[in-house]
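I need the structure of the sequence given here:
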Amino acid sequence: MSRIGRMPIAIPAGVTVDIAENNKVTVKGPKGTLERVLPAEMEIKLEDNQVTVTRPNDLKKMKSLHGLTRTLIANMVTGVTDGYEKVLEINGVGYRGQKQGKKLVLSLGYSHPVEMEDPEGIETVMDGTNKITVKGIDKEKVGQYAAEIRAKRSPEPYKGKGIKYADEVIRRKVGKTGKK
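Residues are numbered from 1 along each chain as shown. Alright, predicted model coming up:
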């Protein structure tokens, strides 16, 4: 059995989980509502404040879907209770960012400022001019938007300039050496 797949998901107080036909799971909590259609082959049961996921057989596809389905539901529950956030740092001389309403305006050494609109359900907060915090209840959307921001100027290995995740380590390289 899948170690992750067979663990039950505890539902905290103030969170409701609905399982409709075709495995459409809706999770409501203090921070909002998330819904997702999960693989129809998996059997999702709600019993005494716990959600359990079981698989029909031991085919390779079913084994891989088992853990995935359980993790997706667990992430939805965590999202509506605590939410998710990713922190990005802008490094480089003259590189900075600022918020203008729902827009994130980044100066990244291009001839023009880069403007990014916050997607639905995602909020960005600037801490100073070089720290961006992306917050939301959907783990997938938070990670995707953070990756899109990072892609505007990903960090380079020589001077470490660019946008990186706060917990990311940039492998530095030695620059050119002159001829003798």
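
Burial check on Lys164, number of neighbours?
Lys164 has 18 neighbouring residues, counting by other CB atoms under 10 Å. In short, each C-beta sits where N, CA and C put it, glycine included.

What of Lys161?
Using other CB under 10 Å: Lys161 sits among 20 other residues.

That one - nearest residue in space that isn't next to it in sequence?
Of all residues not flanking Lys161 in the chain, Gly92 sits nearest, at 3.5 Å (CB to CB, 6 or more residues apart in numbering).

Would you check that that neighbour makes contact with Glu156?
No. Using CB atoms under 8 Å, Gly92 is not in contact with Glu156; the gap is 9.2 Å.

can you list residues touching both of the two?
Gly162 (CB atoms under 8 Å, 6 or more residues apart in numbering).

More neighbours: the two, which one.
Relative neighbour count places Gly92 above the other of Gly92 and Glu156, with 18 against 14, counting by other CB under 10 Å.

separation between the more buried one and Gly128?
For Gly92, the distance to Gly128 equals 14 Å [CB to CB, to the nearest Å].

Can you verify my assumption that Lys45 contacts Thr52?
Yes. In this structure, Lys45 is within contact of Thr52 by CB under 8 Å, at 5.1 Å.

Dead centre of the chain: give me the residue that sits there.
Centroid-nearest residue in the chain, with CA atoms, centre = their mean: Gly143, separated by 2.9 Å.

Chain neighbours aside, what residue packs nearest to that one?
Lys86 (6.6 Å).
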